[in-house]
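A.B. asks: sequence first, then the predicted structure, then my questions.
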Amino acid sequence: ILNVEQSPQSLHVQEGDSTNFTCSFPSSNFYALHWYRWETAKSPEALFVMTLNGDEKKKGRISATLNTKEGYSYLYIKGSQPEDSATYLCASPLYSGGGADGLTFGKGTHLIIQP
Amino acid sequence: EPEVTQTPSHQVTQMGQEVILRCVPISNHLYFYWYRQILGQKVEFLVSFYNNEISEKSEIFDDQFSVERPDGSNFTLKIRSTKLEDSAMYFCASSASSSYNEQFFGPGTRLTVL
């Protein structure tokens, strides 16, 4: 069973500053890495699914990188805005194989943007 | 934009009672999942479903749990005899394809077992 870890657990950032946080996962038998954004009282919303070592994905001011050899992914937010306040979850499938793989989640990084 | 829906949003039940949580996945998706989050803990995988059968299940998904796709649109999770420790937020998710694809989550059902 995979162990997915995230750090820090929570983060306070001033509006306009850039920030980043980490997801680590076992590098053996890697299959895919998912990032989700979860606002209070809403559903988790998919940001990225990353599969290849060196992958870099971007959506607006949010980007992510992936290092499968050392087992980590970074999520970056450039020029933080109050609407970026949320919990950011990373997750990886329990089994490789391309089937209906359930995700193992980290505990999340709770991001608070202060005006 | 298509979305996953879940009913009810909140269910309160007595210990030992059966509950059925309902989900309507996105219509052209083929893979369906149930997850739960006990307050203060990680989101945990329960079960995945594909081609009208369970694809994978975690150790949490014991004989008290079952899933069904009774028609072309609904996907249900049944807990036969609820325990206090089943109190959690239960999320349904669906995806178009395998783990390469993002999973779309519903808003969740908060289950409270008294």
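C.D. replies: Happy to help now that I have it. Residues are numbered from 1 along each chain as shown, chains lettered A, B, ... in the order given.
A.B. asks: shaky segments in the chain?
C.D. replies: I'll assume chain A. A:1-2, A:95-100 (pLDDT under 70).
A.B. asks: um, chain B though
C.D. replies: B:99.
A.B. asks: against A:Gly102, how distant is the residue nearest the centre of chain B?
C.D. replies: In chain B, the C-alpha nearest the mean C-alpha coordinate belongs to B:Trp34, at 3.1 Å (C-alpha atoms, centre = their mean). Relative to A:Gly102, B:Trp34 is positioned 9 Å away (C-beta to C-beta, to the nearest Å). Every residue, glycine included, has its C-beta placed from N, CA and C.
A.B. asks: between these two, which contacts overlap?
C.D. replies: B:46-47 (C-beta atoms under 8 Å, 6 or more residues apart in numbering or on different chains).
A.B. asks: can you say which helix or strand has the residue nearest to the centre of chain B in it?
C.D. replies: strand B:31-37 (DSSP states H and E).
A.B. asks: that strand packs against which elements?
C.D. replies: strand B:19-24, strand B:43-50, strand B:88-95 (3 or more C-beta pairs under 8 Å, 6 or more residues apart in numbering or on different chains; DSSP states H and E).
A.B. asks: any idea which of these gets closest to A:Pro26?
C.D. replies: Checking these against A:Pro26 by C-beta to C-beta gives strand B:43-50 as the closest, at 16.2 Å.
A.B. asks: most packed of the helices and strands packed on strand B:31-37?
C.D. replies: By mean neighbour count, with neighbours taken as mean count of other C-beta atoms under 10 Å in any protein chain shown, strand B:88-95 ranks first of these at a mean of 24.
A.B. asks: ok, residues contacting that strand?
C.D. replies: Here strand B:88-95 has contacts from A:43-44, A:100, B:4, B:6, B:21, B:23, B:25-26, B:29-39, B:43, B:75, B:77, B:101-106, B:108-111, using C-beta under 8 Å, 6+ apart.
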